[in-house]
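# need a structure here:
(chains A, B, C and D)
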There are 2 protein chains.
Amino acid sequence: MATRRPVLSRERIIHTALAVIDRDGLDALSMRRLGAELGVDAMAVYYHLPDKAALFDGVVEAVYSEVDVDAAALPGPWPEMLAVYLRRLREVLRRHPHAVAVIATRPAYTASVLGPADRAVGRLREEGLTARSAMEITHACRAFTIGFVLAEVGAPLGGPTRAPREAISPADYPHLVEAMAEGYRPDEQYEAGLRAMLDGFARQQAAAGHVP
Amino acid sequence: MATRRPVLSRERIIHTALAVIDRDGLDALSMRRLGAELGVDAMAVYYHLPDKAALFDGVVEAVYSEVDVDAAALPGPWPEMLAVYLRRLREVLRRHPHAVAVIATRPAYTASVLGPADRAVGRLREEGLTARSAMEITHACRAFTIGFVLAEVGAPLGGPTRAPREAISPADYPHLVEAMAEGYRPDEQYEAGLRAMLDGFARQQAAAGHVP
DNA sequence: ACCTGAACACCGTTCAAGT
DNA sequence: ACCTGAACACCGTTCAAGT
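This is a model prediction of the structure:
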């Protein structure tokens, strides 16, 4: 008789976990639910991953790997290179609204994340930035992007508010009402914020004499 | 005999919940634990709050109320006014590392949050900005601040990684190592990012002719 | 090597009951 | 009005056992 091959793998477990999160939210991901989705006893997962925290780490890495942009290979001056990378990051994060908060808080110190990050910093250095500036700028722009997507699509941690709150009357907030009258345009808003930050950093660099 | 006064109140429940989160983390906050901390049966809380989501909403509002800066009353040109407000926001968020992710994802549509926000937008309008620009700029800077604090002190959602991961060797990431050689200086980094974004927005406004 | 299933100490929420 | 306590359908994790 043929030797049986394993039905589970770290990869399949993690992708199924992300699928459950995307479909039903963070709270819906339990080890038992995950087992059911995989067609195995819930505890089978523990043979492949030590605990739920490790599962989350895998999910974070899986999402980052979707970004799949070799920033270091992009053409153009560094602000444009970073803009391409960051727009792509936003795009990927938007696809996983229920996972963004996890990604925002769990450190991703794995080769697949650090490698591209290191090469990106190297790329900025070739344009005259110090390693420190390169990382600061990247870090700040990533923080803006993650914070923006969190406000944009991030699922409320702890589940949606069900009970009606104290009613708010729009008449009390005339300026907010006017600002929102034209509707919410997240793409333009993100773009404006990204440009502001990159322009600001570019000018800081120029003022410091780091870019000729 | 004296009429008994209630031992619980919405206020006290919410502040105790925040205290538990601050002390032992988000996962430590259960309704039973909260009841124990309050010295009552766990289910007593349900008389004052409909469910755990409402409890989180209360926590978010409590943290925002700590900011307690009337942005509209601050002197100086708008970029400096916003900087004061945002530094204060970062300061408050840093005091509640385990709550930041909740604050970042739960909408806070309450009078105590919307009121100051509306007055702040009104203040920017007096300096020539449109309501729309004023809100965009505020929104972007807040996203940066929250994203930054999340990376800075945000507790990993799902608990800390316990099992050792695949070892990473610093030699593979020379640029990152160099960038971190001087240590991590979050205050300077935040300040640089904030200045970059505000300068960038100020220049966008000037270019659009909105500020004389 | 890989998966199962019972067991333990927990969860959030509902609901009838107490005072 | 305000709080209690049993009950229900869940959790994450450990561990011995199966194949």
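# switch to C-alpha atoms for all contacts and neighbour counts from now on
Noted.
# And the helices in chain A?
A:10-24, A:31-38, A:45-48, A:52-67, A:78-94, A:100-105, A:111-126, A:131-153, A:174-180, A:186-207 (DSSP state H).
# Wondering if the longest one reaches chain B at all.
Put plainly, it is helix A:131-153. Yes: applying C-alpha under 8 Å from any C-alpha of the partner chain, one finds helix A:131-153 touching chain B at A:131-133, A:135-137, A:140-148, A:150-151.
# Could you dump the helices of chain A into TSV and include mean pLDDT, mean neighbour count and distance to DNA strand C?
Output for the helices of chain A, formatted as TSV (pLDDT from 0 to 100; neighbours: other C-alpha atoms under 10 Å in any protein chain shown; distance: least, C-alpha to the nearest atom of the strand, whole Å):
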stretch	mean pLDDT	mean neighbour count	distance to DNA strand C
helix A:10-24	98	18	9
helix A:31-38	98	17	7
helix A:45-48	98	15	6
helix A:52-67	98	20	14
helix A:78-94	97	19	26
helix A:100-105	98	24	19
helix A:111-126	93	19	23
helix A:131-153	97	23	22
helix A:174-180	95	17	31
helix A:186-207	97	19	31
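# Save those helices as CSV, and put in distance to B:V177 too.
Output for those, formatted as CSV (distance: least, C-alpha to C-alpha, whole Å):
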stretch, distance to B:V177
helix A:10-24, 30
helix A:31-38, 37
helix A:45-48, 32
helix A:52-67, 21
helix A:78-94, 20
helix A:100-105, 22
helix A:111-126, 9
helix A:131-153, 9
helix A:174-180, 45
helix A:186-207, 21
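# Those helices: which one's closest to B:E178?
helix A:131-153 (6.4 Å; C-alpha to C-alpha).
# ok and that closest one relative to helix A:186-207, angle-wise?
160 degrees (axes from the mean of the first three to the mean of the last three C-alpha atoms, to 10 degrees).
# Nearest the geometric middle of chain A, what residue?
A:L93 (4.4 Å; C-alpha atoms, centre = their mean).
# and the residue nearest to it when sequence neighbours are not counted, what is it in contact with?
The spatially closest residue to A:L93, leaving aside those adjacent along the chain, is A:V100, at 6.2 Å (C-alpha to C-alpha, 6 or more residues apart in numbering or on different chains). By C-alpha atoms under 8 Å, 6 or more residues apart in numbering or on different chains, the contact list for A:V100 reads A:L93, A:I146, A:V149, A:L150, A:G154.
# Export only the CA atoms of stretch A:81-100, formatted as CSV.
Provided in CSV are the C-alpha atoms of stretch A:81-100 (Å, rounded to 0.1, in the frame of the first residue of the first chain):
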residue,chain,number,x,y,z
MET,A,81,10.3,54.6,-5.7
LEU,A,82,8.9,54.7,-2.2
ALA,A,83,5.5,55.9,-3.5
VAL,A,84,5.2,52.9,-5.8
TYR,A,85,6.1,50.5,-2.9
LEU,A,86,3.7,52.2,-0.5
ARG,A,87,0.8,52.3,-2.8
ARG,A,88,1.2,48.6,-3.4
LEU,A,89,1.4,48.0,0.4
ARG,A,90,-1.9,49.9,0.8
GLU,A,91,-3.5,47.9,-2.0
VAL,A,92,-2.5,44.6,-0.3
LEU,A,93,-3.6,45.7,3.2
ARG,A,94,-7.0,46.8,1.8
ARG,A,95,-7.6,43.2,0.6
HIS,A,96,-7.4,42.0,4.3
PRO,A,97,-9.4,44.5,6.4
HIS,A,98,-9.7,42.1,9.3
ALA,A,99,-6.0,41.4,9.4
VAL,A,100,-4.6,44.9,9.2
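# does DNA strand D sit close to it?
No: figure legend: stretch A:81-100 not in contact with DNA strand D (C-alpha under 7 Å from any atom of the strand); closest approach 14.9 Å.
# check contacts around the nearest residue to A:L157 once chain neighbours are set aside.
Of all residues not flanking A:L157 in the chain, B:V102 sits nearest, at 5.4 Å (C-alpha to C-alpha, 6+ apart). By C-alpha under 8 Å, 6+ apart, the contact list for B:V102 reads A:P156, A:L157, A:G158, B:F56, B:V60.
# mind checking how far B:V102 is from B:I146?
11 Å (C-alpha to C-alpha, to the nearest Å).
# Over to A:R5?
In this view, A:R5 and B:I146 are 46 Å apart by C-alpha to C-alpha.
# who touches stretch A:76-87?
By C-alpha under 8 Å, 6+ apart, stretch A:76-87 touches A:69, A:71, A:74-75, A:124, A:127, A:138, A:141-142, A:145, A:194, A:198-199, A:202.
# Export these to a markdown table and append columns for distance to B:A207.
A markdown table is the format used below for the contacts of stretch A:76-87 (distance: C-alpha to C-alpha, whole Å):
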| residue | distance to B:A207 |
| --- | --- |
| A:V69 | 32 |
| A:A71 | 30 |
| A:L74 | 29 |
| A:P75 | 27 |
| A:L124 | 28 |
| A:E127 | 27 |
| A:T138 | 26 |
| A:C141 | 22 |
| A:R142 | 26 |
| A:T145 | 24 |
| A:L194 | 17 |
| A:L198 | 16 |
| A:D199 | 13 |
| A:A202 | 17 |
